[in-house]
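Enquirer: any chance you could fold what I've pasted below:
(one chain, ligands or ions: 2)
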Amino acid sequence: MRESLDFRMSESERAAALRDVGSLIRGVPDFPSPGILFRDITPVLRDPGAMAAALRLHLDAVADLAGSIDRIVGVESRGFLFGMPIAHALGVGFVPARKPGKLPAATVTQSYALEYGEGTLHMHADAIDAGDRVLLVDDLLATGGTASAAARLVQRLGGEVVASLFLIELPFLKGRERLAPLRVEALLPF
Ligand SMILES: O=P(O)(O)OC[C@H]1O[C@H](OP(=O)(O)OP(=O)(O)O)[C@H](O)[C@@H]1O
Ligand SMILES: Nc1ncnc2[nH]cnc12
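Expert: Ligands and ions are numbered 1, 2, ... in the order given. Model prediction:
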């Protein structure tokens, strides 16, 4: 576990990083179904400078938690892309919350609804130790169904979710309200 204040960014660094990353998030209409404006992060992933800026922004948002988190839980699949480098930077372990049929050992399971459908998440039953302090990471907060299912899995295994962290928030879908009273850090509202 790494204790550090050097994750904090200055106002001007943060503003520049948000502009760089935000400008690369692409809106794709009618995907995966009519009426959905899909926020595509792949242009950020393919740009090493933008990925470095995104990672710095994530760490800045939870800089106060460095040294007091035991584990990151990331949600399949886009939550893996940010969750793993954040775990590495904080010096803590990573636990995947996965879609059905992917985890080989005994799991706990939780179903949920999201903006464009329904889903089920699994977590290995031995992935969280009782009392673990967990930071939940995903790329995007929409209705909050996915994140609340992941949080529920952590709680059922005896862990405590101390905060949730997202690159993008769709405020009109009110995920933040659904997750309350959980702390929500989201970098870019769209
Ligand atoms: O707040 P919610 O309404 O639950 O929606 C947010 C979730 O939707 C997306 O994942 P998706 O299920 O599309 O899977 P993917 O990451 O594998 O593309 C996104 O990455 C979040 O996990
Ligand atoms: N509009 C959206 N774009 C990308 N991912 C999403 N997950 C839920 N809603 C989404």
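Enquirer: going forward, measure contacts and count neighbours with C-alpha atoms only.
Expert: Noted.
Enquirer: just name whatever secondary elements whichever strand or helix holds Val73 is in contact with.
Expert: Per DSSP states H and E, Val73 falls inside strand 71-75. In terms of contacts (3 or more CA pairs under 8 Å, 6 or more residues apart in numbering; DSSP states H and E), strand 71-75 is packed against helix 78-90, strand 93-97, strand 133-141, helix 145-156.
Enquirer: dump the ones you listed to a markdown table, plus mean neighbour count, mean pLDDT and distance to Gly117.
Expert: As requested, the helices and strands packed on strand 71-75 are exported to a markdown table (neighbours: other CA atoms under 10 Å; pLDDT from 0 to 100; distance: least, CA to CA, whole Å):
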| stretch | mean neighbour count | mean pLDDT | distance to Gly117 |
| --- | --- | --- | --- |
| helix 78-90 | 20 | 98 | 17 |
| strand 93-97 | 23 | 98 | 18 |
| strand 133-141 | 25 | 98 | 15 |
| helix 145-156 | 23 | 97 | 10 |
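Enquirer: let's have the ones you listed in JSON lines, adding distance to Asp20.
Expert: Formatted as JSON lines, those follow (distance: least, CA to CA, whole Å):
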{"stretch": "helix 78-90", "distance to Asp20": "17"}
{"stretch": "strand 93-97", "distance to Asp20": "27"}
{"stretch": "strand 133-141", "distance to Asp20": "16"}
{"stretch": "helix 145-156", "distance to Asp20": "26"}
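Enquirer: tell me the mean pLDDT for the strand holding Val73?
Expert: The average pLDDT within strand 71-75 is 98.
Enquirer: quick one, it and helix 145-156 angle?
Expert: Compare the direction of strand 71-75 with that of helix 145-156 by axes from the mean of the first three to the mean of the last three CA atoms, to 10 degrees and you get 140 degrees.
Enquirer: low-confidence stretches in this protein?
Expert: 1-5 (pLDDT under 70).
Enquirer: just the closest residue of it to ligand 2, please.
Expert: Ligand 2 sits closest to Phe38 of the chain, with a gap of 3.5 Å, by CA to the nearest ligand atom.
Enquirer: ok, that residue - contacts?
Expert: 26-32 (CA atoms under 8 Å, 6 or more residues apart in numbering).
Enquirer: a markdown table for the residues you listed, including distance to ligand 2 and neighbour count?
Expert: Converted to a markdown table, the contacts of Phe38 look like this (distance: CA to the nearest ligand atom, whole Å; neighbours: other CA atoms under 10 Å):
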| residue | distance to ligand 2 | neighbour count |
| --- | --- | --- |
| Arg26 | 9 | 15 |
| Gly27 | 8 | 14 |
| Val28 | 8 | 12 |
| Pro29 | 9 | 13 |
| Asp30 | 9 | 11 |
| Phe31 | 8 | 14 |
| Pro32 | 9 | 12 |
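Enquirer: pick the one among those closest to Ala63.
Expert: Of all the contacts of Phe38, Ala63 sits closest to Arg26, with 27.7 Å by CA to CA.
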